[in-house]
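Asks: Structure for the following, please:
(2 chains)
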2 protein chains.
Amino acid sequence: MGRYCFAADIGGTTIKMGLFSPEGEIINKWEIPTDTSDNGSNILRDIASAVKDEMTNRNLTSQDIAGIGVGAPGPVDKDGVIHKAVNLGWGVRNIKQELEQITGLSVMAGNDANVAALGEMWKGGGEGYRDLVVVTLGTGIGGGVIIDGKIVTGHMGAGGEIGHIHLEDDEKESCGCGNKGCFEQYASATGVVRLAKRKLASCSDDSVLRSGELSAKTVFDAVKAGDGLAMEIADEFGRYLGKGLAAIAAVTNPEVFVIGGGVSKAGKVIIDQAEKYYKEYVFHASRDAKFVLAKLGNDAGIYGAAKLVFDE
Amino acid sequence: MGRYCFAADIGGTTIKMGLFSPEGEIINKWEIPTDTSDNGSNILRDIASAVKDEMTNRNLTSQDIAGIGVGAPGPVDKDGVIHKAVNLGWGVRNIKQELEQITGLSVMAGNDANVAALGEMWKGGGEGYRDLVVVTLGTGIGGGVIIDGKIVTGHMGAGGEIGHIHLEDDEKESCGCGNKGCFEQYASATGVVRLAKRKLASCSDDSVLRSGELSAKTVFDAVKAGDGLAMEIADEFGRYLGKGLAAIAAVTNPEVFVIGGGVSKAGKVIIDQAEKYYKEYVFHASRDAKFVLAKLGNDAGIYGAAKLVFDE
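Replies: Predicted coordinates for the structure are as follows:
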């Protein structure tokens, strides 16, 4: 008989937990709060307790469990060492080793965006593909680059940090990372709002965006309603998005881009923008990459964390 | 006992051939002309003849040979299918299958730049590393991205086409690929000359570059001689080089960049320029990548082609 698997996707406020059947189906999912007090020193113990409680409730023993997969918000190297997670208060620590010691179970750990990408490949928008890039357009831009079914972790766990590709020489404001002109300063939810503010300030054309809250959602809703200024903003957004994805394609030539994150909720308009400008900037041999929407939403992380264990 | 291996690196004018011992040492290397007549239809037969002759001369039978590794100037997918090689007159053809049929030997094929990268990892500047990017600054910019010891071939064989990362929105001239603003329009041998011409035309400052031939070599020789204008050109070149390598690092986070090709003959000055500007544009977790010079020169291709076979 195969064995069950636990998954934990650690975020800044909650930890998403999941239990997967030996067949890879999700049986239960729940959340526990992320305790960032004392530099996040309780987080791994809290995960261990959640796992133990669930095992007790379901009469599962250690022999029934293949392991625990963990996604964490920072660069995680191949040994399961995270090299800093500012959100959690963590410095350098070996997640795999520590959680194995506490639980006595096998542990696999990865960067949250990379792990989510693996989830989308396994059961989401990238199902059936082996060479793909998952791009998460949220507050920033996260990514996961998958080659032949395996995450590109990178030397220091910083593979897939695509949000920090330099795209704009003329930028005056700094990105969260300290550089200027990063991909995520334009093509994330925050980026769309920045582009919108600049556009609105640069002209006096009428637009529904001149009243009410400005967000990626309101911008793309306005695009769908045919608002001219919103369409110009979306075009600018699309140009940056296409340019960034084309740069990635020049490196790994993926078969498909899976687009997720809050911004992608706008749906087909995002895919269309991405594809249009991608084709303008990409090397011809990569021109025919497919573009699809992510499917798993916030569950991508636990799916991917489980897949880390099932792949081991 | 292990088996011998043949290697063929197909260029537009010559095919570099190599014979490797079972221990992976090069025993013989020689060149045959590339016959591009009749759409290059004789090329694979010529390679087969060269292999057969060498086997006869050395009393080797098919049982002694592990296979033939081939590097070819075009995108080669995982099945050994090349999707066009303009230099050779080739359209789509299955190199692996065709050469196996002619020779009765096992064949592995890859893109020439990718295969050369594998060579540099095996016995060159990248020896001892598993996560690296080999960057060849020649007429254009070729590249090979290696993850955990394996070439990133990409879906259509266009992995590592890093010369076509878009870096400049303001470019008016077209790259050979048809796009505008590609990495190789600035940081290749041709690119340095373009930057130099523009710089010389933009001002009237004295420079040794105002007389004699303009080439990557004369520019970097002038840099070493302390020529002010040449140093400005090298700086501009370095900025593009650093920006391009930083984009790659955001995707795969390599441990080391191995810099080869004609331009790299200028030596340490190239590494210094690359590293200086790389650090300015790269995401902090990738900041500590190492920069080394390639070592195998024109032999990288046959080493890598042999490695393809030995790895199989």
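
Asks: mind checking pLDDT for the residue of the stretch 201-312 of chain A found nearest chain B?
Replies: Distances between the stretch 201-312 of chain A and chain B by Cβ to the nearest Cβ are smallest at A:Asn253, namely 2.5 Å. All C-beta atoms are positioned from the backbone trio N, CA, C, and that covers glycine. According to the prediction, A:Asn253 has pLDDT 97.

Asks: Which residue, neighbours along the chain excluded, lies closest to it?
Replies: When the adjacent residues along the chain are set aside, A:Asn253 lies closest to B:Gly154, with 2.5 Å between them (Cβ to Cβ, 6 or more residues apart in numbering or on different chains).

Asks: Dihedrals phi and psi, the one you found?
Replies: Backbone geometry at B:Gly154, expressed as degrees, to the nearest 10, gives phi 90, psi 160.

Asks: contacting residues around it?
Replies: A:131, A:252-254, A:286, B:75, B:160-161 (Cβ atoms under 8 Å, 6 or more residues apart in numbering or on different chains).

Asks: With A:Leu132 instead?
Replies: Taking Cβ under 8 Å, 6+ apart as the test, what A:Leu132 contacts is A:117, A:120-121, A:126, A:146, A:254-258.

Asks: still on that earlier bit, how close does the residue nearest to A:Asn253 get to A:Ser286?
Replies: 7 Å (Cβ to Cβ, to the nearest Å).

Asks: Same check on A:Met231?
Replies: Relative to A:Ser286, and taking Cβ to Cβ, A:Met231 is found at 27 Å.

Asks: These two: who's more crowded?
Replies: A:Ser286 (27 against 17; other Cβ atoms under 10 Å in any protein chain shown).

Asks: so which strand or helix has the spatially closest residue to that one that is not a sequence neighbour?
Replies: Distance criterion Cβ to Cβ, 6+ apart; nearest residue to A:Ser286, sequence neighbours excluded, is A:Ala249 at 4.0 Å. Element membership for A:Ala249, per DSSP states H and E: helix A:228-252.

Asks: Could you pull up the mean pLDDT of the helix or strand that that helix is followed by?
Replies: Downstream of helix A:228-252, the next assigned helix or strand under DSSP H and E is strand A:256-260. Strand A:256-260 shows a mean pLDDT of 97 in the predicted model.

Asks: Show residues contacting strand A:256-260.
Replies: Contacts of strand A:256-260 (Cβ under 8 Å, 6+ apart): A:116-117, A:120-121, A:124-126, A:129, A:131-137, A:245, A:270-271, A:274, A:278, A:289-294, A:296-297, A:300.

Asks: that older thread, overlap of the contact sets of B:Gly154 and A:Ser286?
Replies: Joint contacts of B:Gly154 and A:Ser286 (Cβ under 8 Å, 6+ apart) are A:253-254, B:161.

Asks: if I pick the residue lying closest to A:Gln63 once chain neighbours are set aside, what's in contact with it?
Replies: Among residues not flanking A:Gln63 along the chain, A:Arg3 sits closest, at 7.8 Å (Cβ to Cβ, 6+ apart). Residues in contact with A:Arg3 (Cβ under 8 Å, 6+ apart) are A:22, A:63-66.

Asks: So among these, which ones count as buried?
Replies: Neighbour counting by 16 or more other Cβ atoms under 10 Å in any protein chain shown classes A:65-66 among the contacts of A:Arg3 as buried.

Asks: Among the contacts of A:Arg3, pick out the one closest to chain B, please.
Replies: Checking these one by one against chain B (Cβ to the nearest Cβ), the nearest turns out to be A:Ala66, at 23.0 Å.

Asks: Please name the nearest non-neighbouring residue to the closest one.
Replies: Among residues not flanking A:Ala66 along the chain, A:Arg3 sits closest, at 3.9 Å (Cβ to Cβ, 6+ apart).

Asks: can you pull out the strands in chain A?
Replies: All strands of chain A, identified by DSSP state E, fall at A:4-10, A:14-20, A:26-33, A:65-72, A:81-85, A:90-94, A:107-111, A:132-137, A:141-147, A:150-151, A:256-260, A:290-293.

Asks: Please work out how many residues are found near the closest residue to A:Asp170 other than its chain neighbours.
Replies: Using Cβ to Cβ, 6+ apart and skipping the chain neighbours, the partner closest in space to A:Asp170 is A:Gly181 (7.5 Å). Per other Cβ under 10 Å, the neighbour tally for A:Gly181 reads 20.

Asks: do the same with A:Asp227
Replies: 20.

Asks: Quick one, grab the pLDDT at the closest residue to A:Ala274 other than its chain neighbours.
Replies: Nearest non-adjacent residue to A:Ala274, counting by Cβ to Cβ, 6+ apart: A:Leu241, 5.0 Å away. On pLDDT, A:Leu241 comes in at 98.

Asks: Then A:Leu99?
Replies: 98.

Asks: Quick one: name the residues of the stretch 101-250 of chain A near chain B.
Replies: Contact residues, the stretch 101-250 of chain A versus chain B (Cβ under 8 Å from any Cβ of the partner chain): A:131, A:145, A:147-148, A:150, A:152-166, A:177-179, A:183, A:243, A:246-250.

Asks: What residues does A:Ser215 make contact with?
Replies: A:189, A:192-193.

Asks: what stretches of chain A score poorly on pLDDT?
Replies: Along chain A, segments meeting pLDDT under 70 span A:1.

Asks: which non-adjacent residue is nearest A:Trp30?
Replies: Per Cβ to Cβ, 6+ apart, closest to A:Trp30 is A:Met17, 5.3 Å.

Asks: Quick check: that neighbour touching A:Ala8?
Replies: Yes: counting by Cβ atoms under 8 Å, A:Met17 does reach A:Ala8; the two are 5.5 Å apart.

Asks: Spell out which residues make up each domain of chain A.
Replies: According to automatic domain parsing, chain A is divided into the following domains: A:4-111, A:125-295.

Asks: Give me the distance from the last one to the chain's centre.
Replies: Spelled out, that is domain A:125-295. 13 Å (Cα atoms, centre = their mean, to the nearest Å).
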